[in-house]
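J.: sharing a model that was predicted from the sequence below.
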Amino acid sequence: MTPTTPGQNGPNATEHPTDDLVISPQASTNDADLPRAADVAIIETRTDMAPILATARRGIEETTLTPEAIERRTNILLGDGFLKAGQLDRAREVYAAAGAEIPNEKLIACGDVWLKARHLNDAREAYAAAGVEIPTEKLVAAGDVWLKAGQLNAAREVYAAAGATEKLVAVGDVWLQAGQLDRAREVYAAAGAEIPNEKLIACGDVCLKEGQLHAARKAYAAAGVEIPTEKLVAAGDVCLKEGWLTAAREVYAAAGATEKLVAVGDVLLKVGQLNAAREAYAAAGTEIPAEKLVAVGDVWLKQGRLERAQEAYAAAGATEKLVAVGDMWLERRDTFCALKAYEAAGAKEKLVALGDLYVREGKSAQARLAYGAAEKLSAGT
């Protein structure tokens, strides 16, 4: 009997297998057949032990045994059910109540349940109770199942227990293919092997394609080489296409690809990330041209995104555009933002006019701000 799938009852879902059992009675008068008089199976719903015991008894009471023998055989049946569910401790209890010892073949079968459920220690305990060790071929077979299912930690554990070095290397290779250098190193070390340089480079390439420059450099460094410029540029192209702009900028910068960096900066401008765009241009050793800043500001202005338009115009020093933005803020009755736009534009007359507006509205504090900004501009000139 195998454990249930993850998320259900059974060793796959909890620390120990479920004790959910159901018994289907089959009458028998042959004493040798009595342990098979009921078929014990794992079920997916929680079941109380009392109904289980009653069901087992009904199956055995159809025989000619004494009540004491019925009780003994019932306990053995329940013990067998626990064993099939991987519940060694519970099985021991009911077998002891029956005054019986668990047969070795059943202990081994219980260990196999745990082995399939990725619980190596519990499997070892069951096998040890039978006085034997888990055969290497069973350990390797279990590892193969979990490796195929992507359960790499479980596969590694049983392969290590089996001393299967080639299998351990296979687990390490899966980690390398996933760009997980540190985990691969651990598994290779358990196999007493070193990761070949070509596999380290392949791992670095995986990291590059995912925009993980630091991890890629680490893998290449372990191979004793640097990442070729053409690979960096190609990885940057992938990142740019995927919209991973920060990663693209980082990879292009490592490659010294100035034109590519400018392209990233332009994309960042279009999405309104002015500071990031500046960083991309700076990495390329240049500044964002004023005409590009004005062009992107016009786009944001057309879309009614005044904050972004104002930021772009201010960076470009486009005073007339800033005044236009200030006027739009006034139309929206946002006089504070209008003040900031006029101030950035150096528009003294607009600031004075705004101060006059504040006076008419009885907002003396705001009026002082507007007049003060105009005075600073006058002092600066």
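T.: That came through, no problem.

J.: what bits of the protein have low per-residue confidence?
T.: 1-67, 69-71, 74-75, 81, 83-86, 88, 97-98, 100, 380-381 (pLDDT under 70).

J.: please redo it, this time with the cut-off set to 50
T.: The model of the chain has pLDDT under 50 over residues 1-49.

J.: please parse it into its domains.
T.: Listed domain ranges for the chain are 1-132, 316-381 (source: automatic domain parsing).

J.: ok, and what's touching stretch 179-186?
T.: Stretch 179-186 is touched from outside by 152, 172-173, 175-176, 195, 200, 203, 206-207, 210, 212, 215, 218-219, 222, with contacts defined as C-beta atoms under 8 Å, 6 or more residues apart in numbering. Backbone N, C-alpha and C define where each C-beta goes, glycine included.

J.: ok, 6 Å please
T.: Contacts of stretch 179-186 with the rest of the structure, by C-beta atoms under 6 Å, 6 or more residues apart in numbering, involve 172, 175-176, 203, 206-207, 219.

J.: stretch 366-374 too?
T.: In this structure, residues lying in contact with stretch 366-374 by C-beta under 6 Å, 6+ apart are 339, 343, 348, 351-352, 354-355, 358-359.

J.: centre of the chain to it, how far?
T.: Centroid separation for stretch 366-374 versus its chain: 53 Å, with C-alpha atoms, centre = their mean, to the nearest Å.

J.: try stretch 345-360
T.: Here stretch 345-360 is found 55 Å from its chain centre; the criterion is C-alpha atoms, centre = their mean.

J.: okay, that stretch in PDB with CA atoms only?
T.: The C-alpha trace of stretch 345-360 is given here as PDB (Å, rounded to 0.1, in the frame of the first residue of the first chain):
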ATOM      1  CA  ALA A 345      10.700  77.600 -14.800                       C
ATOM      2  CA  GLY A 346      12.100  80.800 -13.100                       C
ATOM      3  CA  ALA A 347       8.800  82.500 -14.000                       C
ATOM      4  CA  LYS A 348       8.900  85.500 -11.600                       C
ATOM      5  CA  GLU A 349       5.800  87.200 -13.100                       C
ATOM      6  CA  LYS A 350       3.800  84.000 -12.700                       C
ATOM      7  CA  LEU A 351       4.900  83.600  -9.100                       C
ATOM      8  CA  VAL A 352       3.900  87.200  -8.300                       C
ATOM      9  CA  ALA A 353       0.600  86.700 -10.000                       C
ATOM     10  CA  LEU A 354       0.100  83.500  -8.000                       C
ATOM     11  CA  GLY A 355       0.900  85.500  -4.800                       C
ATOM     12  CA  ASP A 356      -1.700  88.100  -5.700                       C
ATOM     13  CA  LEU A 357      -4.200  85.300  -6.200                       C
ATOM     14  CA  TYR A 358      -3.500  83.900  -2.800                       C
ATOM     15  CA  VAL A 359      -4.000  87.400  -1.300                       C
ATOM     16  CA  ARG A 360      -7.400  87.700  -3.000                       C
END
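
J.: can you give me the helices for the stretch 51-200 of the chain?
T.: 67-84, 88-97, 104-116, 120-129, 136-148, 152-162, 165-177, 181-190, 197-209 (DSSP state H, counting those that start in this stretch).

J.: now the fourth one: buried residues?
T.: Of the residues in helix 120-129, those buried under the neighbour-count criterion (16 or more other C-beta atoms under 10 Å) are 120, 122-127, 129.

J.: quick one: which of those is nearest to Lys167?
T.: Leu120 (14.5 Å; C-beta to C-beta).
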